[in-house]
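A.B. asks: No letters, just coordinates:
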């Protein structure tokens, strides 16, 4: 049932929680940084295409071949005049000045509907998140040709996020179904990509706090249809790092997160194998390549505290591989430490649980595993709590999936869109608001972490005591 905007009623029945959590420690705080004013929006005429959606990688049991991203019509932006470059920041500040351990973020879809973007950013802020992750599709900005960049939508997104007092993590990548054809496939396009990133980081200096370089290059579909190649990705990563840092020395450069998978063939490479080969390609020294290592940490059918060894041993229940649980992040951390990167942080760029009862590649670890909306909310909170108890100071921002995309409603049935089942609220038109249990529970937890009294939960209780001391 639709409810009026700001009514914020749940579509689901929340579990009342009354236990008390003892011994809670605050997170390592971050100090706010000053912001600057965004240059005026450049008006450009472009032929719009339907909103892009970032698709979590499907994983069947025990392994699943990657599922292609749905195709979209191609945009044709009109070249625009160059924008004057802002004055470079001369002082480089420590990274922990604006990123706590852990810090809390969520993926959003802010590109096409400013009124929905404004509403959803308010909800993100009110829930207690401090970071928002948004995809900046290279083709949508520079698809028309070298230097023919249409920044209009990007300007709107960057300004809105900064006006809300949130920190922006920009995933800069290329839609596999809509590549930047004039630039060629990766890594042959690395120089063009670096030029684009230099202009982007110059334009948004101090306003985009972190850049994710590409997405899941351990999948062939994200790497020009070729066998994933860690050495090639390192070439692209190095050039991207140099370009961003020349434009904005204080921007955080984060590697792509890899898809958790056990498939090792022409279509995919296991994430741990890919990270290991990356370090070998960097000759064991990541300086000058990235500031933080990005990872993906889907929970699948397992509770967040489950040991990866248990997931590997219990195939019937959890899938039979170490990557089928949230704490697989620790396996990747061990690779970092082994190569001397204990002093660098990790960013969890995607994590979450799905309640999917429909899509075969997901339902085995969604509805078939007993994941409900209430349990999803509890698992998300307990993942954050586990990181707070065990992963400080090396964990940075944790960006969960996801806020909804209103485009899921366009065919009249959002349930056939697998991302719908990962979301923490329903896709809601501007005059309606449909919250799920996950959003309300997360708000209760995150505001309490900040010392703010949250709105009462329906039925009473709170998230205090929801997660054991783990």
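C.D. replies: Nice, thanks for sending it over. Keep in mind that what you see is a predicted model, and the values were worked out from it rather than measured.
A.B. asks: Can you give the distance of stretch 228-238 from its chain's centre?
C.D. replies: If you compare the mean C-alpha spot of stretch 228-238 with that of the full chain, they lie 21 Å apart, counting by Cα atoms, centre = their mean, to the nearest Å.
A.B. asks: helix, strand or coil for the residue nearest to residue 286 when sequence neighbours are not counted?
C.D. replies: In space, and not counting its chain neighbours, residue 286 is closest to residue 341: 5.7 Å by Cβ to Cβ, 6 or more residues apart in numbering. Any C-beta I mention is one placed from the backbone N, CA and C, and that applies to glycine too. The local conformation at residue 341, judged by DSSP: H, G, I helix; E, B strand; the rest coil, is coil.
A.B. asks: Residue 431: neighbour count?
C.D. replies: If you count neighbours by other Cβ atoms under 10 Å, residue 431 ends up with 9.
A.B. asks: about what we covered before: tell me how many other residues crowd the residue nearest to residue 286.
C.D. replies: Using other Cβ under 10 Å, residue 341 has 22 neighbouring residues.
A.B. asks: Any figure for the gap between it and residue 295?
C.D. replies: Using Cβ to Cβ, to the nearest Å, we find residue 341 at a distance of 13 Å from residue 295.
A.B. asks: and what of residue 440?
C.D. replies: When Cβ to Cβ is applied, the distance between residue 440 and residue 295 equals 27 Å.
A.B. asks: ok, back up a step: now do the same for the residue nearest to residue 286: its pLDDT.
C.D. replies: According to the predicted model, the pLDDT of residue 341 comes to 98.
A.B. asks: again with the one 4 residues further on
C.D. replies: According to the per-residue confidence, residue 345 scores 98 in pLDDT.
A.B. asks: ok, now residue 124?
C.D. replies: Among the per-residue scores, residue 124 holds a pLDDT of 98.
A.B. asks: May I ask you to confirm that it is in contact with residue 132?
C.D. replies: Yes - at 5.7 Å, residue 124 and residue 132 qualify as touching, with contact defined as Cβ atoms under 8 Å.
A.B. asks: hey, what's in contact with both of these two?
C.D. replies: Taking Cβ atoms under 8 Å, 6 or more residues apart in numbering as the contact rule, the neighbours common to residue 124 and residue 132 are 106, 108, 166.
A.B. asks: For residue 184, state which of these is nearest.
C.D. replies: Sorting the shared contacts of residue 124 and residue 132 by how near they are to residue 184, with Cβ to Cβ, puts residue 108 at the top with 30.4 Å.
A.B. asks: count of neighbours near the closest one?
C.D. replies: When neighbours are counted by other Cβ under 10 Å, residue 108 registers 25.
A.B. asks: Report the contact partners of it.
C.D. replies: 117, 120, 121, 124, 132, 133, 134, 402, 403.
A.B. asks: For the third one, grab phi and psi.
C.D. replies: Main-chain dihedrals, residue 121, degrees, to the nearest 10: phi -70, psi -40.
A.B. asks: pLDDT wise, what is it at?
C.D. replies: 98.
A.B. asks: Roughly how far does it sit from residue 223?
C.D. replies: Taking Cβ to Cβ as the measure, residue 121 falls 32 Å from residue 223.
A.B. asks: distance between stretch 242-252 and the chain's centre?
C.D. replies: Centre-to-centre, stretch 242-252 and its host chain are 20 Å apart (Cα atoms, centre = their mean).
A.B. asks: Can you give me the buried ones in that stretch?
C.D. replies: Along stretch 242-252, the positions that meet the burial threshold by neighbour count (16 or more other Cβ atoms under 10 Å) are 242, 243, 244, 245, 247, 248, 250, 251, 252.
A.B. asks: Can you name the helix or strand that the second one falls in?
C.D. replies: Spelled out, that is residue 243. Applying DSSP states H and E as the criterion places residue 243 in helix 230-247.
A.B. asks: and the next helix or strand after that helix, how far from the chain's centre?
C.D. replies: Using DSSP H and E, the helix or strand that follows helix 230-247 in sequence is strand 252-255. Averaged C-alpha coordinates place strand 252-255 at 12 Å from its chain's average position (Cα atoms, centre = their mean).
A.B. asks: got a list of contacts for strand 252-255?
C.D. replies: Taking contacts as Cβ under 8 Å, 6+ apart, the residues outside strand 252-255 that touch it are 95, 99, 169, 209-213, 237, 240-241, 244-245, 278, 289-294, 347, 349.
A.B. asks: And the strands in the stretch 251-400 of the chain?
C.D. replies: 252-255, 292-296, 345-350, 395-400 (DSSP state E, counting those that start in this stretch).
A.B. asks: Check the contact between residue 457 and residue 442; I expect there is one.
C.D. replies: No - with contact taken as Cβ under 8 Å, residue 457 and residue 442 are classed as non-touching, separated by 11.5 Å.
A.B. asks: what about those two, which has more around it?
C.D. replies: Of the pair residue 457 and residue 442, residue 442 is the one with more neighbours under other Cβ under 10 Å, namely 24 against 19.
A.B. asks: Distance of residue 160 relative to residue 203?
C.D. replies: Distance of residue 160 to residue 203, computed by Cβ to Cβ: 16 Å.
A.B. asks: more crowded one of those two?
C.D. replies: Neighbours of residue 160 and residue 203, each counted by other Cβ under 10 Å, are more numerous for residue 203; the result is 24 against 21.
A.B. asks: can you pull the pLDDT of the more buried one?
C.D. replies: Among the per-residue scores, residue 203 shows a pLDDT of 98.
A.B. asks: Hmm, residue 151 and it touching each other?
C.D. replies: Yes - Residue 203 sits in contact with residue 151 when judged by Cβ under 8 Å, with a separation of 6.6 Å.
A.B. asks: hang on, the earlier thing: looking at residue 124 and residue 132, which one has more neighbours?
C.D. replies: Set residue 124 next to residue 132 and count neighbours by other Cβ under 10 Å: residue 132 wins out with 26 against 23.
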